[in-house]
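Enquirer: Predicted model follows, preceded by the sequence.
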Amino acid sequence: MAQTKYTIGLDYGSDSVRSLIVNVETGEEVASVVFEYPRWKKGLYCDPAQNQFRQHPKDYLEGLEYTIVEALKQAPAGVAENVVGISVDTTGSTPVAVDEKGIPLSLTPGFEENPNAMFVLWKDHTAVKEADEINELARKWEIDFTKFEGGVYSSEWFWAKLLHVSRVDAAVYRAANSWVEHCDWIPAVLVGNTRPKTLKRSRCAAGHKAMWHEAFDGLPSEEFLTALDPLLGGLRERLYKETFTCDVAVGKLSQEWADKLGLSTNVVVGVGAFDAHLGALGAEIEPYHLSKVMGTSTCDMLVAPMEEVGDKLVAGICGQVDGSITPGMLGMEAGQSAFGDIYAWFKRLLLWPAEQILAKSELVSEEQRKALIEEMADNMIAELSKEAEKIGIGESGVLAIDWMNGRRTPDANQNLKGAIAGLSLGTDAPRIFRALVEATAFGSKAIVDRFRSEGVRIDGVIALGGVAKKSKLVMQIVCDVLNMPIKVARSEQACALGSAMAAAVVAGVYATTNEAQKKMGGGFETEYHPIPENVAKYQKIYEEYLALGGFIEEELTVK
């Protein structure tokens, strides 16, 4: 009798990594373990005031080993022997400088505590100046290397980040042989081949964040890069020309990692991709259905048949790449630089006085102080949501702009700032919170409107991620603002599930990702429907949002 086979989806998020073991025949999630990055949790190597967010590769490696080993312990007997594939998704663009062996510089002598030698997390915005320079040069160049990236390059992406690090840290610049994305490095580590010239690079990462395209014969030309900055001279040759989709195998698990994880060297490791893109697979994305990963930020994924999109270029999005989501289809990416992060910011703002006062109080012990702060933090968003739900649409007059972390789509601009207008002495915390929720919904609508104005239809919306699961208030407001039904994926871990689906394809269990989705998908748990009277009210406020946003952008541009 044939043994049941399993795959492992590794999902690297902003704060933690998760390993998910999935039955490839049924899609049953048999075990799942999370590891929070210990150095990141302490705030090491980050400077939020400077928008600097770096992560140490040791956090990634320790999490890789711990989560898989512990998940296998949780799984029923016999599962480890029948794991056939592993695939990886990560945040992105999250690149790192490496030596000629592909070792991140922060794992080499002299660079252990240097943030510039670590992975530059997706939300690091230290490279705003460099992104501006890339955009300025691209508009003058004979070939616009940003045209498949929506025509606007972002500080969140590959070239801007590596150029910034090269400029500010001469030691890292001299020691760096090449640069590697997080989603490329982990699979390379697992198979034992991290050399920059031979490891397999993700089509998803390269196409959406590094201006790679077949029409350019790969990456932007040497002439363009050296015109941008002579520091980039020669780097193109030390990077890559070929890229691969998530249905391609990188190789088999090395003996070293097979021993560490308790798996066989017959386990196949797949080419990596970004979390939102494989999350869209896990949420059973289909053509012209917008898959919204709703967490700290949002990533909005759309797929369409290549022959139907043709030569259409969609302006202001985060790229359109052949096979970046579903192999064989055009993958289009958009998103918001902050979503749940905005709610978290407001929570921290409200907690600050209590934290300061309790820290100085002699009426409570240190243990009691921590317990009180933790209780307030755990319950604050729920209480704000409960009160905000009672407030009528437009009743408060408060209007917010959701650019607290800049704007990703449409038209990336990390120089932009958020705003809250219409405040009065009668404005309270729930009213401001509701305005922030509405602002994030309006930001989602701006993305949908951009796709439609560019001639790409959207037939439905699929939601996944923490916010989609936890907040009925947010989901109903987004639904009303978009005036479209929203289906919420049942899986709690759609990104890891998408990775497990990709692993089933690279291991040869299924021929295509579509087949894997049908067999392993978990379906949908909830569907939100727009309330007609709310739709009309929000349309008016949305127009005010656009007007206020336009004013802010114009003022910042003038300055």
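Expert: Perfect, I can see it now.
Enquirer: those helices in the stretch 351-500 of the chain, which residues are they?
Expert: Here the stretch 351-500 of the chain has its helices, by DSSP state H, counting those that start in this stretch, at 366-388, 429-453, 466-470, 472-482, 494-506.
Enquirer: Contacts for the first one, please.
Expert: Put plainly, it is helix 366-388. 343, 346-347, 350-351, 354-355, 358-359, 361, 364, 429-431, 433-434, 437, 471, 473-474 (Cβ atoms under 8 Å, 6 or more residues apart in numbering). C-beta: built from backbone N, CA, C; applies to glycine.
Enquirer: what is the rounded mean pLDDT of that helix?
Expert: The pLDDT scores in helix 366-388 average 94.
Enquirer: likewise the longest one?
Expert: For helix 429-453, the mean per-residue pLDDT is 98.
Enquirer: the inter-axis angle of that helix versus helix 366-388?
Expert: Helix 429-453 runs at 60 degrees relative to helix 366-388, counting by axes from the mean of the first three to the mean of the last three Cα atoms, to 10 degrees.
Enquirer: and helix 429-453, how far out from the chain's middle?
Expert: How far helix 429-453 lies from its chain's middle: 19 Å, per Cα atoms, centre = their mean, to the nearest Å.
Enquirer: Show me what counts as buried in that helix.
Expert: Residues of helix 429-453 classed as buried: 430-448, 450-451 (neighbour count, 16 or more other Cβ atoms under 10 Å).
Enquirer: before we move on, the earlier item: kindly reformat the helices of the stretch 351-500 of the chain as JSON lines containing distance to Leu556.
Expert: Shown next, in JSON lines, are those (distance: least, Cβ to Cβ, whole Å):
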{"stretch": "helix 366-388", "distance to Leu556": "29"}
{"stretch": "helix 429-453", "distance to Leu556": "17"}
{"stretch": "helix 466-470", "distance to Leu556": "28"}
{"stretch": "helix 472-482", "distance to Leu556": "25"}
{"stretch": "helix 494-506", "distance to Leu556": "34"}
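Enquirer: Arg174 is nearest to which of these?
Expert: Closest to Arg174 of the helices of the stretch 351-500 of the chain, according to Cβ to Cβ: helix 494-506, at 35.7 Å.
Enquirer: Return the residues in contact with Ala334.
Expert: Cys299, Asp300, Leu302, Ile317, Cys318, Arg408, Thr409, Pro410, Ile447, Arg450, Phe451.
Enquirer: Cross the residues you listed against strands and list the overlap.
Expert: Within the contacts of Ala334, residues falling in strands by DSSP state E are Cys299, Asp300, Leu302.
Enquirer: ok so, going back, need the buried ones from the contacts of Ala334 selected in ChimeraX.
Expert: To isolate the buried members of the contacts of Ala334 in ChimeraX, using 16+ other Cβ under 10 Å:
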select :299,300,302,317,318,408,409,410,447,450,451
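Enquirer: now the angle from the helix or strand harbouring Lys58 to helix 494-506?
Expert: Using DSSP states H and E, Lys58 maps to helix 57-74. Angle of helix 57-74 versus helix 494-506, following the same axes, to 10 degrees, is 80 degrees.
Enquirer: residues in contact with stretch 487-498?
Expert: 9-11, 13, 18-20, 22, 27, 29, 32, 89, 275-284, 293, 460-465, 468-469, 475, 520, 522-528.
Enquirer: Send me that stretch as PDB with only the CA atoms.
Expert: Taking Å, rounded to 0.1, in the frame of the first residue of the first chain, the C-alpha atoms of stretch 487-498 are listed here in PDB:
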ATOM      1  CA  LYS A 487     -13.900  35.600   0.500                       C
ATOM      2  CA  VAL A 488     -11.600  34.800   3.400                       C
ATOM      3  CA  ALA A 489      -9.300  31.800   3.000                       C
ATOM      4  CA  ARG A 490      -9.900  29.100   5.600                       C
ATOM      5  CA  SER A 491      -6.300  28.300   6.100                       C
ATOM      6  CA  GLU A 492      -4.700  30.100   9.000                       C
ATOM      7  CA  GLN A 493      -1.400  29.900   7.200                       C
ATOM      8  CA  ALA A 494      -2.100  30.500   3.600                       C
ATOM      9  CA  CYS A 495       1.500  31.500   2.800                       C
ATOM     10  CA  ALA A 496       3.000  28.400   4.300                       C
ATOM     11  CA  LEU A 497       0.300  26.300   2.600                       C
ATOM     12  CA  GLY A 498       1.200  27.900  -0.700                       C
END
